[in-house]
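In: I'd like to go over a predicted model; first the sequence, then the structure.
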Amino acid sequence: MSKDFHIVAIDGGAGTGKSTTASILSERLRFMHVDTGSHYRTITSYFVKNKIGLEEINEYLARNELNLETEIDERLAKISINGSIFESAELRNEEVNNLVSSVASISAVREKLFLYQRSQIKVAKENNFQGLVMEGRDIGTVILPDAELKVFLVADQGIREARRRNDGEIDQIESRDRMDSNRRIAPLKESDGSLRIDTTANGVEEVFAIISDKLGIL
C-alpha cells in the first residue's frame, strides 16, 4: 500500500453512525466514500423495478450480466446498474427496506458485488483521492481485510432507532441485527484487529479525532 494512500474499512449495524463517520472522513481527508449498503439497496431496487422476486434472483443472475459502474458525485462513489443510478427515494422506500437484508443474504448477489467493491480502490486512486473509506457490514472481514485501519462502530439500541427515525426510516433494529449477524454468507461481525468505537458516548468530532489519530493524519 502506498504511504500516501489510506484505506479505512468501517463496519457496524444500522444506525451506528457508519455513513456520518465515512462522510466526515471523506470531506476532511479527501477520501473517496463508498457506501456498500447503497449497493445492496440499488440491486434490490433493480429487482423490485424489474419485478424479480427473491426466489427468482439466483436464476436471473445466472442468465443476465449486470454492468456495474461507478459515478463519482463530489467525493461519494455511486453505483450504476446497466447505466442507471437509482435516486435516494427509490433506495429507501418501504419495499426496499423490507427486502434489502434478504437480498443481501443471497450468495449470488454478494458474489456479483464482491469484485466491484474491491475495484473501488483502483477507482479512488485513478481519481486522485488521498484514500478510500468504505462502509458496510463485511468490509473489514471480507471486502477489505487488509485495510490500513478497520473500524467497528457500536451504539445503544435506543439511540440507533432514533437515528433511523430521523433519517425517515423505520427499521426493526433487533431483527435486522439478527438477520445480518446470522446469515451464512459474510455475516456482520467484528474483524480481528478492528478499532471499536461507541458512538453513543462519542460524537462525530470525537470519532473523527480517534480515527485520524490512528491514521497519523492531522
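Out: Done, it's in.
In: T21 contacts L153, correct?
Out: Yes: assessed by Cβ atoms under 8 Å, T21 is found in contact with L153 at 6.7 Å. The C-beta positions use only the backbone N, C-alpha and C, and glycine is treated the same way.
In: quick one: common contacting residues for those two?
Out: Where contact means Cβ atoms under 8 Å, 6 or more residues apart in numbering, the residues bridging T21 and L153 through contact with each are I10, T199, V207.
In: nearest to N64, of these?
Out: Closest to N64 out of the shared contacts of T21 and L153 is I10 (31.4 Å), distances taken as Cβ to Cβ.
In: how far does stretch 81-101 stretch from start to finish?
Out: Between the opening and closing residues of stretch 81-101 there is a gap of 19 Å (Cα to Cα, to the nearest Å).
In: now what about stretch 127-138, what contacts it?
Out: Counting by Cβ under 8 Å, 6+ apart, the neighbours of stretch 127-138 from elsewhere in the structure are 4-13, 18-19, 21-22, 25-26, 29-37, 72, 75, 117, 120-121, 124, 143-144, 147, 180, 186-188.
In: Just the buried ones out of the residues you listed, please.
Out: Neighbour counting over the contacts of stretch 127-138 (16 or more other Cβ atoms under 10 Å) leaves 6-13, 18-19, 21-22, 25-26, 29, 31-37, 75, 117, 120-121, 124, 143-144, 147, 180, 186, 188 as the buried ones.
In: Keep only those of those that are in strands.
Out: The subset of these located in strands under the criterion DSSP state E comprises H6, I7, V8, A9, I10, D11, G12, F31, M32, H33, V34, D35.
In: where does the chain have its least confident helix or strand?
Out: Among the secondary structure pieces of the chain, namely its helices and strands, helix 173-182 has the lowest mean (mean pLDDT, DSSP states H and E), a mean of 69.
In: and A186, what is it in contact with?
Out: With contacts defined as Cβ under 8 Å, 6+ apart, A186 is in contact with R110, R137, D138, T141, V142.
In: From S105, how far off is it?
Out: Per Cβ to Cβ, to the nearest Å, A186 is found 9 Å from S105.
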